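Enquirer: Pasting a predicted model and its sequence here:
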Amino acid sequence: ALANKAVIDSCSQYGIVLGKYSDLWGTDNYKNSEMIFVRRVGSLNSLESYNFPIGVEGGNSGNCPTQTLVDAYEMKSTGLLWNEDGSGYNSNKPYEGRDPRFNMTVAKNGDTGWPTYNNSELQIFEGGANGSPISGASTTGYYLKKYMDASVDLRSNHVTDKRHSWITYRLGEFYLNYAEAVYHYLGSPDATSADFDISAVDAVNVIRHRSDVNMPSLSAGLTNVEFEAKYKNERMVELAFEGHRFWDVRRWKEGEVLKSVTCMKIEQKEDESFKYSRFEKERSWDNKMYLFPIPDSEIRKNPNLTQNTGW
C-alpha cells in the first residue's frame, strides 16, 4: 500500500494524471498523460493483421474477447451488472447502455468502420461476412479493438503501418493496486488512516471517473464481500488485454474461473433482428497450475528440493 501510494503521490508531483481511456493506445499513446513507462516498438501492422476480423481484407481473427469479459462491463446508468436486478439490461439489445470501455475494447456485431477501411457493418452472426462457419472466424462472438489502430490499412494495394507502443506501467494500474492493498491492510473499503488518506473505494472511483468513462461511483458502505467483487470486476475491465488477468486469478487463488468461458452465439432472424444465446466452452484448469513445476534438472542437482504438489 505504501509503495503504490508513493507512486500515486510522485505522479501527482510530476503532472502524471489519468487521461482518456481511448488514448491508452494509438499512434501517440506514449504521450498519454498517465504513462509511466512505455516500450516503443516502432511502426508495424502485424498486431492488426493478427487481430482484425476474418472477412475484412488482411484480417486473421486472432485474440477474440469472450462473453465472460463482455458481461463484466456494467450498465452505464446504474453501475450494475447485466444480470443484477434493476440494471436496465435489455436482452434484445445487449450492447446498449454499457460501460463506455466496452465499445473501446470490443468489436461487436453491427459495428461500423472497424477497421476504418471496412465500409460494411461487422456481421459476426452465423452465416455473416465475419462469422462462422468461415474458417478462422471468432468462436466467441467478438473481435478485439483494444491496442489495435483502426487507421492501419491491410488492403493489398494500400498496406500501411503505424507506430505502436506497449504499456509497461501506467497510473491507472497503481490506483487499482493501491485500492486492493489498502483495503486488505486497513480491513475495510472505506477506511483511511494517517498514512493512507485515500480509501480503497475512492481509489477505484478515480478510475471510474475518467473523462470518457464516467461510470457511477462505487458507494460507501459496501461490505467487504461486495467490495471485493466490485474491485475484481473493475480490474478485469480496466486492465483488459494488458497482461494482468493471467496473474490476478492465480494470486487470488481463483483459477476455477478458468475452467470455462462464456461465448455468444448470434443468429439473424427473418425480420433481420438478432437472437443472442450464451453458451459455455470448457477449458483446462488444475490447481497445480498455481505454481510452476520445479525442473527435474534442478531436483537432480539438489535432492533436498521437493516437487510442487501435482507435478
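Expert: Thanks, I have the structure now. All of these numbers come straight from a predicted model, not from anything done at the bench.

Enquirer: drop to CA atoms for contacts and neighbour counts, all remaining ones
Expert: Noted.

Enquirer: how far does stretch 64-82 sit from the chain's center?
Expert: 11 Å (CA atoms, centre = their mean, to the nearest Å).

Enquirer: Please work out which residues outside that stretch touch it.
Expert: Here stretch 64-82 makes contact (CA atoms under 8 Å, 6 or more residues apart in numbering) with 51, 86-89, 97-102, 106, 138-144, 215-217, 233, 236-237, 261-264, 278.

Enquirer: Now do stretch 261-274: everything it contacts.
Expert: 66-68, 92, 124-126, 139-141, 275-283.

Enquirer: Give me the buried entries from the contacts of stretch 64-82.
Expert: With burial judged by 16 or more other CA atoms under 10 Å, the buried subset of the contacts of stretch 64-82 is 51, 87-89, 97-102, 106, 138-144, 215-217, 233, 236-237, 261-264.

Enquirer: Okay, and which of those map to helices?
Expert: 51, 100-102, 233, 236-237 (DSSP state H).

Enquirer: Any chance of JSON lines for these, columns distance to residue 41?
Expert: What follows is those, written out as JSON lines (distance: CA to CA, whole Å):
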{"residue": "51", "distance to residue 41": "17"}
{"residue": "100", "distance to residue 41": "28"}
{"residue": "101", "distance to residue 41": "25"}
{"residue": "102", "distance to residue 41": "26"}
{"residue": "233", "distance to residue 41": "30"}
{"residue": "236", "distance to residue 41": "25"}
{"residue": "237", "distance to residue 41": "25"}
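
Enquirer: taking these as a set, which two sit the farthest apart in space?
Expert: Using CA to CA, those span at most 24.6 Å, a distance reached by 51 and 233.

Enquirer: For the stretch 51-200 of the chain, which segments count as strands?
Expert: Using DSSP state E, counting those that start in this stretch, the strands of the stretch 51-200 of the chain run over 106-107, 143-144, 162-170.

Enquirer: average model confidence for the first one?
Expert: Strand 106-107 comes out with an average pLDDT of 98.

Enquirer: Mind giving me the packing neighbours of that strand?
Expert: Under the contact criterion of 3 or more CA pairs under 8 Å, 6 or more residues apart in numbering; DSSP states H and E, strand 106-107 touches strand 143-144.

Enquirer: So what touches the strand it packs on?
Expert: Residues from elsewhere that reach strand 143-144 (CA under 8 Å, 6+ apart): 51-53, 61, 63-65, 105-108.

Enquirer: Hmm, residue 191 and residue 224 touching each other?
Expert: No - between residue 224 and residue 191 there is no contact under CA atoms under 8 Å: 11.3 Å.

Enquirer: picking that back up, can you list the contacts of strand 143-144 in JSON lines and add distance to residue 26?
Expert: Listed next are the contacts of strand 143-144 as JSON lines, based on distance: CA to CA, whole Å:
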{"residue": "51", "distance to residue 26": "15"}
{"residue": "52", "distance to residue 26": "15"}
{"residue": "53", "distance to residue 26": "18"}
{"residue": "61", "distance to residue 26": "19"}
{"residue": "63", "distance to residue 26": "18"}
{"residue": "64", "distance to residue 26": "19"}
{"residue": "65", "distance to residue 26": "19"}
{"residue": "105", "distance to residue 26": "13"}
{"residue": "106", "distance to residue 26": "15"}
{"residue": "107", "distance to residue 26": "16"}
{"residue": "108", "distance to residue 26": "20"}
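
Enquirer: Please consider this matter closed, and thank you.
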